[in-house]
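Engineer: Build the 3D model from these lines:
(chains A and B)
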Amino acid sequence: MSHFLSPVFAPGFFESEAVHIALGVGTLVAVVTGVVGVFTVMRGQSFAGEAFGDLGTTGGAGAYFVGVGPLWGFVLGNVIAAGAMEAVGVQRVRGRDLATGIVLGAGIGLAALFLHLYTTGHSTTGATVTILFGSVFTISSATIPLILALSAVVLAVTLTIYRPLLLSSVNAEMASARGIPVRLVGVLYLLALALAAALAAITIGTILSTALIVGPAASALRITRRPLTALLTAAGIGVGAVWLGIVLAYDSYHWPPHGTIWPVSFFVVTLVFITYLLSGLPEARRRRQADRRSSASPVAQPATPS
Amino acid sequence: MSEAPHGAPPAAKGQEILLLDGVSVRLSGRTILDRVGFQIAPGEFTGLIGSNGAGKTTLFRVILGLQAASAGRVLFGGPAHPHGHGRRHRRIGYVPQKFMFDPDVPLRARDLVSLGIDAQRLGVPLPSRSRRALVEEMLHAVDAERFADTRVGKLSGGEQQRVLIAHALIARPRLLLLDEPLANLDLGSAHEVVALLARIAREQEVAVLISAHEINPLLPVMDRIVYLAAGRAISGTAEEVVRADVLSGLYGHHVDVLHVHGRVLIVAGAGEDTDLAGHEGVFPRSEVLS
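Structural biologist: A predicted model of the protein is given here:
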């Protein structure tokens, strides 16, 4: 059996504690980001995800600088970012350019300083790569309680405000006409998104964290029609991508160049991207069939998306 | 405005669902609504007619409690309702203006209707037989069973209106507010939606207040008109309101009301801006053509 599977699972895969932790954390994070991400896509808030990527970098770099775990830095950076977004009103489209240019730019500048000071003191660039691209194999078991707690908080908040959040994401006017406090719901959701982005950052890095939030959700919205199914599908796609990514990264030790492993983030993000492309196929096929049907009719009509 | 035929047909005192009394709204120095007053009785079908910018949406926001009035009162009356708890938002169903769903919104028509039952509650809704039956009943009421399992974003404008109406109705409101529901519809769909609303007002015993910039599609079904121009309003039956002298008083200059092939045309009179084709800011657009 193990011989049969050895082309897929490289020797030592099932014994490695690092792999166990990576799979556990990866699964949890993928579920959280999938659930949260569906609303991010529906609300058109991918921008907020990007902002968390930038200011999470600042937080992570600051954490290295002062000598605490990077996840604390991601969480702090993102929560501050969420507060700033709410204060400045960045959730509105207007004003985003300004915020991007000034606030996020300043954040990245600060990150550059922290990383410079840290890496000069420790003569290693490992911190930079860990923060920007993640390092799911080097998560210490001491971080796991925090990851569990954060995941529980995000899932609890999102599922508690599920109905008001769903309606205000579809149409804020309809929600406020029903007496739903749309702004409060928006703030709670932004906080959940901030924490989800921090969890994504520790798994696949700050730069790519948006991909794990938006990618599986965008694919899920293409292939499902029902809200709860969309949440489960997004979580499932994320879990699949993370698992396969971890397996492939582990295998890549035996790929050229020998003696190193390829980044997990690369595999995860690539798999998410491929899934997104594939998720568009059913719709494209339906449209082609509709085209064929309309061109087969005597009066050729321009194809209209139904 | 003293000659305005207020309150006809006179609803019995205390029986009205909604009463607006001298409601004014001033926003940054501009008067949006100027002493607007009218009332709506249970099951009544009321058209809020006015051109773009006349203050229709602001008036709706005042009724919904989303916009505070600078002066005047908004009162909700009628018999106590089992699900009402006296809360304003539970007594009013609302269909917003110019709204189309994105195609990738993960909601089937029946999911949106179901969300109408208790969208304000916390937690994830548990499926139940009574819930399903209620949704089924509402889908049937708006004749939307055919596309109940289609994503809302893939429905036509008229179909989306039906689903939105069912979403608003399922909470059993006393009053249904619809903001320009006919604006994006072709003539056929518009007539269907109007007929549907008239039937629902009767069958579900819900008062309907519908805003529109065109009066004609609503004429056959309206019990009452609230005619809004430049923030001022006149209310009454169509015969009382759609008259040259009354509307001239409202607009502040001479207006002619013409009856052509069963349609009403409202046009500016001589000596005023007589550019019939292009005065959208003054007159409801389609009332001066076709």
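
Engineer: Quick check: residues of the stretch 151-290 of chain B near chain A?
Structural biologist: B:151, B:154, B:167, B:171, B:177 (Cβ under 8 Å from any Cβ of the partner chain). Yep, even glycine has a C-beta here, placed from its N, CA and C like the rest.

Engineer: So which of the residues you listed sit within strands?
Structural biologist: With strands taken from DSSP state E, the overlap with those comprises B:Leu177.

Engineer: where's the closest residue to A:Val272 other than its chain neighbours, which helix or strand?
Structural biologist: The shortest distance from A:Val272 to any non-neighbouring residue, by Cβ to Cβ, 6 or more residues apart in numbering or on different chains, is to A:Gly215 (3.7 Å). Per DSSP states H and E, A:Gly215 falls inside helix A:209-223.

Engineer: wait, A:Phe267 sits on A:Leu244?
Structural biologist: Yes. Look at A:Phe267 against A:Leu244 with Cβ atoms under 8 Å: they come within range, at 6.9 Å.

Engineer: quick one, what contacts the residue nearest to A:Val272?
Structural biologist: A:Gly215 is in contact with A:37, A:237-238, A:241, A:269, A:272-273, A:275-276, counting by Cβ atoms under 8 Å, 6 or more residues apart in numbering or on different chains.

Engineer: Could you list the alpha-carbon positions for the helix or strand harbouring A:Ile147 in CSV?
Structural biologist: Secondary structure from DSSP H and E places A:Ile147 in helix A:144-160. C-alpha atoms of helix A:144-160 as CSV (Å, rounded to 0.1, in the frame of the first residue of the first chain):
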residue,chain,number,x,y,z
ILE,A,144,-2.0,26.3,17.7
PRO,A,145,-4.2,27.5,20.6
LEU,A,146,-4.2,31.0,19.2
ILE,A,147,-5.1,29.7,15.7
LEU,A,148,-7.9,27.6,17.2
ALA,A,149,-9.2,30.6,19.2
LEU,A,150,-9.1,33.0,16.2
SER,A,151,-10.8,30.5,13.9
ALA,A,152,-13.5,29.9,16.5
VAL,A,153,-14.1,33.6,16.9
VAL,A,154,-14.3,34.3,13.1
LEU,A,155,-16.7,31.4,12.5
ALA,A,156,-18.9,32.2,15.5
VAL,A,157,-19.2,35.9,14.4
THR,A,158,-19.9,35.1,10.8
LEU,A,159,-22.5,32.4,11.5
THR,A,160,-24.1,34.5,14.2
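
Engineer: Next, the buried residues of that helix.
Structural biologist: For helix A:144-160, burial by neighbour count (16 or more other Cβ atoms under 10 Å in any protein chain shown) applies to A:146-147, A:150-151, A:154-155, A:157-159.

Engineer: One more: stretch A:218-234?
Structural biologist: Per 16+ other Cβ under 10 Å, stretch A:218-234 contains these buried residues: A:218-228, A:230-234.

Engineer: give me the low-pLDDT residue ranges for the chain?
Structural biologist: The chain I'm using is chain A. A:1-7, A:89-101, A:123-125, A:296-306 (pLDDT under 70).

Engineer: right idea, wrong chain: chain B
Structural biologist: Ranges of chain B meeting pLDDT under 70: B:1-14, B:78-90, B:269-290.

Engineer: related to what we said a few turns ago, among A:Phe267 and A:Leu244, which residue is more densely surrounded?
Structural biologist: Taking other Cβ atoms under 10 Å in any protein chain shown, A:Phe267 and A:Leu244 do not tie; A:Phe267 has more neighbours (22 against 14).

Engineer: distance of that one from A:Phe273?
Structural biologist: 11 Å (Cβ to Cβ, to the nearest Å).

Engineer: Closest residue of the stretch 1-150 of chain A to chain B?
Structural biologist: A:Met42 (6.4 Å; Cβ to the nearest Cβ).

Engineer: Please name the residues that touch that residue.
Structural biologist: A:Met42 makes contact with A:169-170, A:221, B:102, B:105-106, according to Cβ under 8 Å, 6+ apart.

Engineer: Can you say which of these are buried?
Structural biologist: A:169-170, A:221, B:105-106.

Engineer: Make TSV out of the residues you listed and add distance to B:Phe45.
Structural biologist: Formatted as TSV, the buried ones among the contacts of A:Met42 follow (distance: Cβ to Cβ, whole Å):
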residue	distance to B:Phe45
A:Ser169	32
A:Val170	28
A:Leu221	38
B:Val105	31
B:Pro106	35
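
Engineer: Out of those, flag the one nearest to A:Leu195.
Structural biologist: A:Ser169 (18.2 Å; Cβ to Cβ).

Engineer: which parts of the stretch 1-150 of chain A sit against chain B?
Structural biologist: A:38, A:41-42.

Engineer: Relative to A:Arg43, how far out is the residue of the stretch 151-290 of chain B found nearest chain A?
Structural biologist: Nearest residue of the stretch 151-290 of chain B to chain A: B:Arg151, at 5.1 Å (Cβ to the nearest Cβ). According to Cβ to Cβ, B:Arg151 stands 17 Å off from A:Arg43.

Engineer: between the two, who's got more neighbours?
Structural biologist: B:Arg151 (22 against 19).

Engineer: Next up, identify which helix or strand the residue of the stretch 201-306 of chain A found nearest chain B is on.
Structural biologist: Using Cβ to the nearest Cβ, the closest approach of the stretch 201-306 of chain A to chain B is made by A:Ala230 at 3.9 Å. Following DSSP H and E, one finds A:Ala230 within helix A:227-251.

Engineer: which other helices and strands contact that helix?
Structural biologist: Helix A:227-251 sits against helix A:17-42, helix A:209-223, helix A:264-279, with contacts defined as 3 or more Cβ pairs under 8 Å, 6 or more residues apart in numbering or on different chains; DSSP states H and E.

Engineer: Kindly state the beta-bridge partners for the spatially most central residue of chain B.
Structural biologist: The centroid of chain B falls nearest to B:Ile210 when counting by Cα atoms, centre = their mean (1.7 Å). Beta bridges link B:Ile210 to B:Gly47, B:Leu178, judged by DSSP bridges.

Engineer: show me what contacts it?
Structural biologist: Contacts of B:Ile210 (Cβ under 8 Å, 6+ apart): B:45-48, B:177-178, B:181, B:197, B:218.

Engineer: can you tell me which two in those are farthest apart?
Structural biologist: The farthest-apart pair in the contacts of B:Ile210, when distances are taken by Cβ to Cβ, is B:Leu177 and B:Leu218, at 14.5 Å.

Engineer: and B:Val23, that's in a strand?
Structural biologist: Yes. Under DSSP: H, G, I helix; E, B strand; the rest coil, B:Val23 sits within a strand.

Engineer: before we move on, the earlier item: for the helices and strands packed on helix A:227-251, which one ends up most surrounded?
Structural biologist: Most buried of those, by mean neighbour count (mean count of other Cβ atoms under 10 Å in any protein chain shown): helix A:209-223, with a mean of 26.

Engineer: and the angle from it to helix A:227-251?
Structural biologist: 130 degrees (axes from the mean of the first three to the mean of the last three Cα atoms, to 10 degrees).

Engineer: CA atoms only: put helix A:209-223 into CSV for me.
Structural biologist: Taking Å, rounded to 0.1, in the frame of the first residue of the first chain, the C-alpha atoms of helix A:209-223 are listed here in CSV:
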residue,chain,number,x,y,z
SER,A,209,-3.6,35.9,1.8
THR,A,210,-6.3,37.5,-0.4
ALA,A,211,-6.0,34.6,-2.8
LEU,A,212,-7.1,32.1,-0.2
ILE,A,213,-10.0,34.3,0.8
VAL,A,214,-11.3,35.4,-2.6
GLY,A,215,-10.3,32.5,-4.8
PRO,A,216,-12.2,29.6,-3.4
ALA,A,217,-15.2,31.8,-2.7
ALA,A,218,-15.3,33.2,-6.3
SER,A,219,-15.1,29.7,-7.7
ALA,A,220,-17.9,28.5,-5.3
LEU,A,221,-20.2,31.4,-6.4
ARG,A,222,-19.8,30.2,-10.0
ILE,A,223,-20.9,26.7,-9.3
